[in-house]
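Asks: show me how the following folds:
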Amino acid sequence: IALAPEESNLGLGCGNPFRIVSVQPGEVVVDLGSGAGFDCFLASHLTGRRGKVIGVDMTHEMLSLSRRLAKENRFRNVEFRLGEIENLPVADNTADVVISNCVINLSSNDSKSQDGTGEFYILPLLACVGITSLCKASNLVELFVSLEVLTLSSFIMVGYFRRNLGSTEAGIKYLILGAVSTGFLVFGLAWYFGITGTFIYNETIVSHALAGQTAPAMYLALAMLLLGTAFKIGAVPMQLWIPDVYQGAPTPVTAFLSVASKVAGFALFGIILAPFAVLPPVEFVVALMAAATLLVGNLGAIPQTNLKRMMGYSSIAQAGFILPLFIGTVDGQLAPNAPFYLAVYLVMTFGAFFALAMIRIQRGSEEISAFRGLGKTNPRLALAVTIMFASLAGVPLTAGFFAKMISFVHVINTGLYLGWMLPVMIVCAASGFYYYFKVIRSMYWDKPAENAEPVQVPAISGVMLAAFSIFIVLGGLMPLFLNPIR
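Replies: Residues are numbered from 1 along each chain as shown. Below is the predicted model:
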């Protein structure tokens, strides 16, 4: 038995077998044994709303749990009993059905469970308004308000599908940890205003404050502001939310968060850091954040088997490669090459999530193993996915390699902390090949699953993947013809 899950639905894997012991007109009796009512809920999918499903031979604990789940999720055609199966008529066609990695949507029986999704599409637009306003803000109050517009929109998007337990859990975690980061930001704003008497943020005011007795307080304000900003970019020590939220949120929301949140975060990071950019203590803190972020992101990604969770750790690792660009200045400018790295990261990440969304919908899984045999069933899609993940790993002649090379060249040119910063970057760049190439290995080395059908690629998705692939290849060839590094 196979049910095709929708992208926004939550899957509950069930490994226990159930046995259909009686089939009467409009009624099915299911032997659940020691299991809960999940198999009975699956049977309710098969009988429809007019049929009745009776679960029997249950323990008292499972009976209580299953009745509560049925009530909470409005399963009106499901009933549970403690009766023994020997007292029931046995069906002529008794079948043992083993449910393995089955996806059950506990809200799909109610056709109105996902009403209101039309309002969902305004949320990314509001988030983009916040990002645009943040980049144009002239004082800290505007920065904070713009960031909160983005943050609140993101909270709602992550937990929007309220009957999806994974989305709800991710939304709660994001909300709680996001509130902590907002507290750091507000605390830093309060200290800055108390020191300077204004919310205008520029080098002149900061330099005047650092020259007097208020210097320690100004450094404390900066520390609070950087902690709040580290949450948005996914940098250590504020990276804990990323893997869980990325895995639990709907895939389109995860793709949006991985790009929009990081772009806004680095824009804010650059604005806050600009007046302090050439101060040695601040440069050391940024280098330390970058090294720790690289280690946490790359080491955390190695054992992952869920692709969305792995992409979460990948997001942390990529932030670790962007942060060194904020060490020191280039011709008096702070991180002039960061926009290029972010643009390349946007293309690579969106391309990967485009492919993951199609696999998730049609193969019902977000695991790396869901890509197995894709090179045989969908050669062109597999080629596009290979380009995306090869670029994320930093394979030469891809835009991702060029972006990482810019980060390495910047660290070498500044000459700051080469003794430990550069080795950490080299080791982490090498480790990225292992976990990114797990996807490529699954596509070309693993055999397709039995009865695996080719993944249907919608026209718009095919066009976007082709455009992303061309951009990545052209971006990788760019250093052969010109030198855009500043």
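Asks: mind jotting down where the strands sit in this protein?
Replies: All strands of the chain, identified by DSSP state E, fall at 18-24, 27-31, 52-56, 78-80, 95-97.
Asks: got the buried residues for the longest helix that the chain contains?
Replies: Counting by DSSP state H, the longest helix found in the chain is helix 165-196. The neighbour-count criterion (16 or more other C-beta atoms under 10 Å) identifies 166-171, 173-175, 177-178, 181-182, 184-185, 187-189, 191-192, 195-196 as the buried residues of helix 165-196. In short, each C-beta sits where N, CA and C put it, glycine included.
Asks: now do that helix, average pLDDT.
Replies: What helix 165-196 shows for mean pLDDT is 91.
Asks: repeat that for stretch 312-322.
Replies: 94.
Asks: now stretch 278-288
Replies: pLDDT averaged over stretch 278-288 gives 91.
Asks: where does the stretch 201-350 of the chain dip in pLDDT?
Replies: Applying pLDDT under 70 to the stretch 201-350 of the chain picks out no residues at all.
Asks: all helices of it, in order?
Replies: For the stretch 201-350 of the chain, helices defined by DSSP state H, counting those that start in this stretch occupy the ranges 203-211, 215-233, 241-248, 251-256, 262-273, 280-301, 307-322, 338-363.
Asks: same question, the stretch 351-486 of the chain
Replies: With DSSP H, counting those that start in this stretch as the criterion, the stretch 351-486 of the chain has helices spanning 374-377, 379-393, 399-414, 418-444, 459-481.
Asks: what do you get for the stretch 51-200 of the chain?
Replies: Using DSSP H, counting those that start in this stretch, helices in the stretch 51-200 of the chain cover 60-72, 122-136, 140-158, 165-196.
Asks: let me have those in CSV, extended by distance to E367.
Replies: Formatted as CSV, the helices of the stretch 51-200 of the chain follow (distance: least, C-beta to C-beta, whole Å):
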stretch, distance to E367
helix 60-72, 25
helix 122-136, 27
helix 140-158, 21
helix 165-196, 14
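Asks: of these, which is nearest A399?
Replies: helix 122-136 (22.3 Å; C-beta to C-beta).
Asks: list the buried residues of that closest one.
Replies: Those would be 123-124, 127-128, 130-131, 133-134, for helix 122-136 by 16+ other C-beta under 10 Å.
Asks: what comes up buried for stretch 466-481?
Replies: 468-469, 471-472, 475-476, 479.
Asks: residues contacting the residue nearest to the spatial centre of the chain?
Replies: Geometric centre of the chain, nearest residue: Y246, 2.5 Å, by C-alpha atoms, centre = their mean. Going by C-beta atoms under 8 Å, 6 or more residues apart in numbering, Y246 touches 254, 257-258, 308-309, 311-312, 315.
Asks: can you pull the contacts of the residue nearest to W241 when sequence neighbours are not counted?
Replies: Using C-beta to C-beta, 6 or more residues apart in numbering and skipping residues adjacent in sequence, the residue nearest W241 is L177, 4.3 Å away. Taking C-beta under 8 Å, 6+ apart, we find L177 in contact with 231, 238, 240-241.
Asks: which of the residues you listed sit farthest apart?
Replies: F231 and L240 (9.4 Å).
Asks: and these two? Which one has more around it.
Replies: F231 (24 against 16; other C-beta atoms under 10 Å).
Asks: I'd guessed the more buried one sits against S181; true?
Replies: Yes: F231 lies in contact with S181 (C-beta atoms under 8 Å); the separation is 3.4 Å.
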